[in-house]
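Engineer: I would like to see how this sequence folds:
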Amino acid sequence: MTDTVKELVDAMVQGNALETEKAFGAAMAEKLSGKLDDMRTNVAQTMFATEEEIETPVEDTEEVAETEVADEQLETAEEVEEVEENE
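Structural biologist: Numbering: from 1, shown residues only. Next up is the predicted model:
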């Protein structure tokens, strides 16, 4: 248990409303600060990362693969039409 949480519990047990409020504020500030630090780290790691470094979800990868196959089929069909027109 962190010191701020211990101080919060102690203040609550003593029934001291003012100290409870201060300890609660300190505990919440500590938790919020930690979470913000984690988020900053995450943003910093992904901000300048290349596409290869960023993991893409499986759903997106499958969707891209389906689109690429459809594009290739379209290109093949267009090439066949061009050959037929030239003959």
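Engineer: residues touching Met1, list them.
Structural biologist: By Cβ atoms under 8 Å, 6 or more residues apart in numbering, the residues touching Met1 are Val9. In this view, the C-beta of every residue, glycine as well, is placed from N, C-alpha and C.
Engineer: please disregard the earlier target; I meant Ala26.
Structural biologist: Listed by Cβ under 8 Å, 6+ apart, the contact partners of Ala26 are Thr4, Glu7, Leu8.
Engineer: in which helix or strand does it reside?
Structural biologist: Under DSSP states H and E, the secondary-structure element containing Ala26 is helix 17-47.
Engineer: still on that earlier bit, looking at the contacts of Ala26, which is nearest Met47?
Structural biologist: If you rank these by distance to Met47 using Cβ to Cβ, Thr4 comes first, at 31.1 Å.
Engineer: okay, and the closest one sits in which element?
Structural biologist: In the assignment (DSSP H and E), Thr4 maps to helix 3-14.
Engineer: kindly report the domain assignment for this protein.
Structural biologist: Domain assignment of the chain by automatic domain parsing yields the ranges 1-52, 56-87.
Engineer: by mean pLDDT, show me the worst of these.
Structural biologist: Of all these, the segment with the smallest mean pLDDT is domain 56-87, scoring a mean of 61.
Engineer: Val13: how many residues sit nearby?
Structural biologist: Val13 has 9 neighbours, counted by other Cβ atoms under 10 Å.
Engineer: list the buried ones in the helix holding Ala26?
Structural biologist: The neighbour-count criterion (16 or more other Cβ atoms under 10 Å) identifies Thr20, Ala23, Phe24, Ala26, Ala27 as the buried residues of helix 17-47.
Engineer: how about JSON lines for these, with distance to Met47 added?
Structural biologist: Conversion of those to JSON lines gives the following (distance: Cβ to Cβ, whole Å):
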{"residue": "Thr20", "distance to Met47": "40"}
{"residue": "Ala23", "distance to Met47": "36"}
{"residue": "Phe24", "distance to Met47": "34"}
{"residue": "Ala26", "distance to Met47": "31"}
{"residue": "Ala27", "distance to Met47": "30"}
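Engineer: how close does Gln45 get to Thr2?
Structural biologist: 26 Å (Cβ to Cβ, to the nearest Å).
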